[in-house]
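Enquirer: pasting the sequence and the predicted model now:
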Amino acid sequence: MLLQHHGGGNMKPYKNYATILMLSVWGFVIVIASFLFLYVGIWIDRRFDTQPTFTVGLFILAIFLSVGRFYWEVWRKKNIR
């Protein structure tokens, strides 16, 4: 009730929180993508009996894609300003 926004007013002091929120969301994205790709890699390795080939490969791919997408997003926002 204390923090309700009713349309008008100055939202500028809260702009700094948007950056912190974006960083925390990207942290969750990296962790969730890593675990998802890790699980799929383990499933493929068990299916084809190729441990740890796909597990390691997909885990590294998830980290690379997530961090790359994060940098792309930051670069895009930097060029907008």
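Expert: Received it, and whenever you're ready, just let me know what you need.
Enquirer: avg pLDDT for the longest helix belonging to the chain?
Expert: Counting residues, the longest helix found in the chain (DSSP state H) is helix 15-48. Helix 15-48 shows a mean pLDDT of 92.
Enquirer: which strands or helices does it pack on?
Expert: helix 53-80 (3 or more CB pairs under 8 Å, 6 or more residues apart in numbering; DSSP states H and E). The way it works is simple: take the backbone N, C-alpha and C, and place the C-beta from them, glycine included.
Enquirer: just how off-centre is stretch 55-75 within its chain?
Expert: In terms of CA atoms, centre = their mean, to the nearest Å, the centre of stretch 55-75 is found 9 Å from the chain centre.
Enquirer: give the buried residues for that stretch.
Expert: 55, 58-59, 62, 66, 70 (16 or more other CB atoms under 10 Å).
Enquirer: make TSV from the residues you listed and add distance to Val29 and pLDDT to it.
Expert: What follows is those, written out as TSV (distance: CB to CB, whole Å; pLDDT from 0 to 100):
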residue	distance to Val29	pLDDT
Thr55	20	96
Leu58	16	97
Phe59	15	96
Ala62	10	96
Ser66	6	95
Phe70	8	93
